[in-house]
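**Q** no sequence for this one, just the structure:
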């Protein structure tokens, strides 16, 4: 178990979106707000995290836009509605970074560190050695490693076949609310 007592407002939290905050459609995309479904306990988790972390960011690959599968406007509506629902329940996200890039080697596409580096440029107080990444793919975990993020937490919500002893994974929790509850235990 990580020592959550050391985490305070000087820490930053990075969260993946699909498969962490909302139900993921394997092999497809969330096309619009009507298809977006929060996982149980996520809004409560964001409220807890907002009380513990100084900054919270969502970092998400969304290449469906570049593929023409859905529109950028729909993605922005999803994100606006998501942020509003968090705010209504006492949670906050400082900014959402997304990569619509098609190329796997694009600097902004996870596992590449571009979105994290952009967050640090926008918010210079971010210290990756006092940051946590929570995701549901090895790409999310590698993103954390590529930024030298202190703690990588893996949620096997949609990837039950991942070897949990992978060196990029520091800790494993069932879901986001389980991580949040570790802060109030």
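**A** Thanks, I have it. The structure displayed is predicted, hence computed values, not measured ones. Residues are numbered from 1 along each chain as shown.
**Q** Helices along this protein, start to end?
**A** 42-52, 72-88, 114-122, 138-146, 176-184 (DSSP state H).
**Q** Compare those helices and give me the one nearest residue 166.
**A** In terms of CB to CB, the element of the helices of the chain nearest to residue 166 is helix 138-146, at 6.3 Å. For the C-beta atoms, the positions are set from N, CA and C on the backbone; glycine is no exception.
**Q** In the chain, where is pLDDT below threshold?
**A** 1-2 (pLDDT under 70).
**Q** and the longest strand along it with helix 114-122, angle?
**A** Assignment by DSSP state E gives strand 55-61 as the longest strand of the chain. Relative orientation of strand 55-61 versus helix 114-122 (axes from the mean of the first three to the mean of the last three CA atoms, to 10 degrees): 150 degrees.
**Q** And for strand 55-61, what's in contact with it?
**A** 12-18, 21, 46, 49-50, 79, 92-99, 109-110, 115-116, 119, 123, 125-126, 139, 143 (CB atoms under 8 Å, 6 or more residues apart in numbering).
**Q** Sheet-wise, list the partners of that strand with their directions.
**A** Using DSSP bridges, strand 55-61 pairs in its sheet with strand 12-15 (parallel), strand 95-99 (parallel).
**Q** Now do the buried residues in it.
**A** Neighbour-count burial for strand 55-61 flags 55-61 (criterion: 16 or more other CB atoms under 10 Å).
**Q** Looking at the helices of the chain, spot the one closest to residue 162.
**A** helix 138-146 (6.3 Å).
**Q** Give me the phi and psi for the residue in the chain sticking out farthest from the centre.
**A** Relative to the centre of the chain, the most outlying C-alpha is that of residue 68, 23.5 Å out, by CA atoms, centre = their mean. The phi/psi pair for residue 68 (degrees, to the nearest 10) reads phi 80, psi 10.
**Q** Over to residue 155?
**A** phi -110, psi 110.
**Q** which residue packs closest to it, ignoring adjacent ones?
**A** residue 136 (4.7 Å; CB to CB, 6 or more residues apart in numbering).
**Q** Would you agree that neighbour is in contact with residue 17?
**A** No - here residue 136 does not reach residue 17: they are 9.7 Å apart, not a contact under CB atoms under 8 Å.
**Q** in stretch 160-171, what counts as buried?
**A** For stretch 160-171, by 16+ other CB under 10 Å, it's 162, 168-170.
**Q** is it possible to export those residues to a markdown table including distance to residue 7?
**A** As requested, the buried residues of stretch 160-171 are exported to a markdown table (distance: CB to CB, whole Å):
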| residue | distance to residue 7 |
| --- | --- |
| 162 | 25 |
| 168 | 20 |
| 169 | 18 |
| 170 | 13 |
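**Q** of these, closest to residue 73?
**A** Nearest to residue 73 among the buried residues of stretch 160-171, with distances taken as CB to CB, is residue 162, at 33.3 Å.
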